[in-house]
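**Student:** One predicted model, sequence on top.
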Amino acid sequence: MGTSHNRLSIFVDGNNMFYAQQKNGWFFDPRRVLEYFAHEQPGTTLVNAFWYTGLKDPQDQRGFRDALISLGYTVRTKILKEYYDDVSGRYSQKANLDIEIVVDMFNTVDQYDRVVLFSGDGDFERAIELLRSKNTHITVVSTEGMIARELRNATDRYIDMNAVRESIEKVEGQ
């Protein structure tokens, strides 16, 4: 199997991952994520890496976004929408970039053979089924209690973040 069958794209659902990392009590390093998955299998060519995040305002997370871009990520953003939560009786902010992620996945489908998706969101189930029908190998990275059963069942491979922690964790002072 030559490199032509090992072109990799990475998609990071930043908001979903923020909560997953908070839940785990540790954060991953975007640079180490690229390095780990680009070298996980021999002959891998990393063709794309996308990072999706909601912003409070256009200046929000500016430094972080610049750092992601310098690492080679394509950064997609959306301003958070404020909505009233009937259950809690509070206003909260939400930015759902699922549509943007799915559009990018299908728009670039000819460029890759494998996908690593960092998300636990069950809304991706149908998109993943369709991509697998095009002979794309899908890995989903999430964490226990944050991964939807539908998504876990639909994917080729599931990786719990804690299992690869030592390879991708952000180390202070690096």
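**Tutor:** Perfect, thanks for sending it.
**Student:** strand partners of the helix or strand that contains residue 75, parallel vs antiparallel please.
**Tutor:** Applying DSSP states H and E as the criterion places residue 75 in strand 74-79. Sheet pairing of strand 74-79 (DSSP bridges) gives strand 45-55 (parallel).
**Student:** Could I get the phi/psi values of the residue located most distally from the centre of the chain?
**Tutor:** For the chain, the residue at maximal distance from the C-alpha centroid (CA atoms, centre = their mean) is residue 89, at 30.4 Å. As for residue 89, its main-chain torsions (degrees, to the nearest 10) stand at phi 70, psi 20.
**Student:** Check which residues of stretch 100-113 are buried.
**Tutor:** Going by neighbour count (16 or more other CB atoms under 10 Å), the buried part of stretch 100-113 is 100, 101, 102, 104, 105, 108, 112, 113. Where C-beta positions appear, they are placed from N, C-alpha and C, glycine not excepted.
**Student:** would CSV of those residues with pLDDT and secondary structure be doable?
**Tutor:** Shown next, in CSV, are these (pLDDT from 0 to 100; DSSP: H, G, I helix; E, B strand; the rest coil):
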residue, pLDDT, secondary structure
100, 96, helix
101, 98, helix
102, 97, helix
104, 98, helix
105, 98, helix
108, 98, coil
112, 97, coil
113, 97, coil
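**Student:** among those, which two are most distant?
**Tutor:** The most widely separated members of the buried residues of stretch 100-113 are 100 and 113, with 22.0 Å between them, by CB to CB.
**Student:** Alpha carbons of the least confident helix or strand in the chain by mean pLDDT, in CSV - could you do that?
**Tutor:** None of the helices or strands of the chain scores lower by mean pLDDT, DSSP states H and E than strand 90-94, at a mean of 78. Provided in CSV are the C-alpha atoms of strand 90-94 (Å, rounded to 0.1, in the frame of the first residue of the first chain):
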residue,chain,number,x,y,z
ARG,A,90,-30.0,31.5,32.0
TYR,A,91,-28.6,32.9,28.8
SER,A,92,-25.8,30.9,27.3
GLN,A,93,-23.7,31.1,24.2
LYS,A,94,-23.4,28.5,21.6
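**Student:** angle of it against strand 74-79?
**Tutor:** Angle, strand 90-94 to strand 74-79, by axes from the mean of the first three to the mean of the last three CA atoms, to 10 degrees: 150 degrees.
**Student:** Now do strand 90-94: everything it contacts.
**Tutor:** Residues from elsewhere that reach strand 90-94 (CB atoms under 8 Å, 6 or more residues apart in numbering): 54, 56, 80, 81, 82, 83, 84, 85.
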